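Enquirer: heads up, no residue letters with this:
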């Protein structure tokens, strides 16, 4: 056993040896240890009486108590009472993970007059009871965890929480339905919102959809009132055709640099008459129409676009690439065309950021056996939405891309890439079962003698009215075939589908006029790039990670960043809207304060020792440490510091330390084992 | 000129002479030499998936051990040999498999000196020589001949071990054909089963499998098919001879040889079914 300065010999010090409030002066600590049973989570494995007995003999511990649920009100009261009656100056709660209840117990200590940062959690649930089967082993381990925490708590210093002012403006990135909803909610509460969208107009993927499940209301009809409201809202500053260049600062005080891409059309002069769109001879791939038709070089995504101003695709524009043409400038009645337009940068200051960067469909050409890019009549779900949409290239008539014939047989393929570890997308894309059923129903509405077959692995309908909608599809004569599709290929003017029928236990070959793939939902690649730039967490598939999967679903671990929509994971429209409103509520809750508190357990520099080598600055993931080149000293911006401790580890001279996590304490803790 | 240890395998000495001859001569034209490994033995023919039947791996292990004494790379051409040798090599050198690997090595007299990288001829062309260098050596471009590249199963699967190309939509041979001046067509059946050994006892199955491949190539407008595997070539070529003579089947090495200027008698066209000479003449390539 190490020589431990808190490991005092002799008997318990008298209760009146020091003040309970003036912790700093405590030479002989008075620690109370409270062991939580967590129902049977802990008590079912760890022998509580034995643990209490062994902990009671540890030096510095003056009282040990246990309770069934320490986090409950009586449990907290027990701790508060004990702090006063036993004159405690340090508290350890042996319970669940600190991510769950550290704040709870620290607040309880604060209420009893103890500095909250003198309360530590010994995690004997996740790190002990849940992962240890043998009771004796678990009890010994719990004892060790408490002893280690005891070593730390006696080193702890009382700290005061930092506060910073809040700039009560919000930035919303992405103006799909998630971004629109979040922006409207925040703006309607009276706060200014900067809404940034990379496309020329807002609405996102929802603007591409035909009708929506399970009610079959028209996507445009429910979306356009929102886009119009967003465009006109006096509190919303809309920046379309713009991208986030950089974000600096910290929660409550971000500085955002937005790049407004060159539109080549003067926003103020243009009236959106559309004369230029008629005459433009330049052709390009149309993202919005999913490659079904060639778009023009000067374009707007749809006639109902908000804002209703076209932009020029510089790569496709004949004038900008070859120096001749100029037709749009000639026909424009207001002279709004600006061939010399350039990208512009705008700086905005905001206090909170909502990331609503959305999704894309997986590039199905990577599914080699499914023939996308090879067989023209194999398309993805969004392309089929455009075929069904009244504002789509066929005005809502279902015509196949290769020859414009009306397909009499369509095979829909679910889980095209999803739920498949070999494609790197083992997750369920969640929306496909429902939208495929919807597309099959809508197809049968349009083509009465059409036959729709849906190849599925499972049909998943967990949502209000979803199962009934699925029943409606099966009642409508839509054939459901359970089995994975192995191959899609062309034979004459037919598309052949090889699949297994796992209910009948045989291989089947289906002949179709057209195939629609429910390709996997993936995080929008631009959103992934932005998340990397902002250093906010993403999971293995590029979806942004919430701070807690159950209790903090719209926050991120980086303070001030909130999540909404499919950038966080695949979800349907109602769920997206609900999440966007939740994110807005979190922003508004923050804006309800005058100042923000920030944990004081940050890094700090001992300037006497620091030589300004800069290791800490390079290590910091939050841009919280900067070295002053003139003074050759590092300085920590406490408002930005998340207290991860990386800089303290990197510091070769030992100048950088982490408050209440000093090297001395850590080494002594390690020595306990 | 870089020299590579070369493992031809039995079929390339018998039925698939036309795969082998052009490969060796074309190699010299594009700038490398295939040095045949002395006293090679059977590759094992089929990779034995039984994990406890180590004796079945002895043949390929001996070949690999001999190759390891000659260098760190072994070039194969027959898709079946490549599949077996690559997978056994993977088993020998796989981290965590040291105990089995040592046992396997004790079965042969030859010492396994070092890990051997088993490379298919196409991999040598792509990775070691490079498409640009091959393009420079093309003296008789293939004049936009519409070619469907047929890979079969053995050269692409299992993906994790063979690490050859996307098993569902491989591209290597298409890229090579483009370099040689041909126009690779789209093709849905690049790696679909040709019927394999079923041609021995279930000829009808092999026939129907091969017919699908030929029909699909034709549907995409292919004028010829290129293959890399003797068994695929056998099934497609022989079936073609009985059902439909309009679409000839070549080994990729034959078209490579043609493009880099081998003489007509060096192409082994007499081993192909039908009238390949007449076909190539009609396209102005001979």
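Expert: Alright, I've got the coordinates. As the structure is a prediction and not an experimental result, all values here were calculated from the model.

Enquirer: Now for residue 53, how many residues are close by?
Expert: In the absence of a named chain, this looks at chain A. Residue A:53: 12 surrounding residues under other C-beta atoms under 10 Å in any protein chain shown. For every residue, glycine as well, the C-beta is placed using N, CA and C.

Enquirer: ah, I was thinking of chain B
Expert: Neighbours of residue B:53 using other C-beta under 10 Å come to 9.

Enquirer: What residues sit buried inside the least confident helix or strand in chain B by mean pLDDT?
Expert: For chain B, using mean pLDDT, DSSP states H and E, the weakest element among its helices and strands is helix B:230-243, scoring a mean of 81. Of all the residues in helix B:230-243, those buried under the rule 16 or more other C-beta atoms under 10 Å in any protein chain shown are B:230-240.

Enquirer: Check the offset of the longest helix along chain B from the chain's centre.
Expert: Using DSSP state H, we find that the single longest helix of chain B is helix B:203-219. Offset of helix B:203-219 from its chain centre (C-alpha atoms, centre = their mean, to the nearest Å): 20 Å.

Enquirer: immediately after it, which helix or strand?
Expert: strand B:224-227 (DSSP states H and E).

Enquirer: can you pull out the strands in the stretch 401-550 of chain A?
Expert: A:409-416, A:451-456, A:479-482, A:485-491, A:494-501, A:506-512, A:514-519, A:521-523 (DSSP state E, counting those that start in this stretch).

Enquirer: Of the ones you listed, which is nearest chain B?
Expert: Between chain B and these, the shortest separation by C-beta to the nearest C-beta is 3.1 Å, and it involves strand A:485-491.

Enquirer: How is the chain partitioned into domains?
Expert: In the absence of a named chain, chain A is used. A:23-161, A:162-261+A:344-358+A:524-597, A:262-342, A:362-522, A:599-671 (automatic domain parsing).

Enquirer: switch to chain B, that's the one I care about
Expert: If you go by automatic domain parsing, chain B breaks into B:2-121, B:139-282.

Enquirer: among those domains, which is the most enclosed?
Expert: Stretch with highest mean neighbour count among these: domain B:139-282 (a mean of 20; mean count of other C-beta atoms under 10 Å in any protein chain shown).

Enquirer: Strand partners (parallel or antiparallel) of the next helix-or-strand element following the least confident helix or strand of chain B?
Expert: Moving toward the C-terminus from helix B:230-243, the first helix or strand encountered (DSSP H and E) is strand B:249-251. Paired strands of strand B:249-251, with direction, are strand B:224-227 (parallel) (DSSP bridges).

Enquirer: give me the low-pLDDT residue ranges for chain B?
Expert: B:240-246 (pLDDT under 70).

Enquirer: can you map out the strands along it?
Expert: B:2-7, B:32-36, B:73-76, B:117-120, B:146-149, B:183-184, B:224-227, B:249-251 (DSSP state E).

Enquirer: so what strands line up beside the third one?
Expert: This means strand B:73-76. By DSSP bridges, strand B:73-76 pairs with strand B:2-7 (parallel), strand B:117-120 (parallel).

Enquirer: Find the nearest non-adjacent residue to residue A:431, please.
Expert: Sequence neighbours aside, residue A:572 is the residue nearest to residue A:431 in space, at 5.0 Å (criterion: C-beta to C-beta, 6 or more residues apart in numbering or on different chains).

Enquirer: what bridges to the spatially most central residue of chain A?
Expert: Nearest residue to the geometric centre of chain A (C-alpha atoms, centre = their mean): residue A:544, 3.2 Å. With DSSP bridges as the criterion, residue A:544 is bridged to residue A:538.

Enquirer: Mind pulling the model confidence for it?
Expert: We have a pLDDT of 97 for residue A:544.

Enquirer: so where's chain A uncertain?
Expert: A:1-27.
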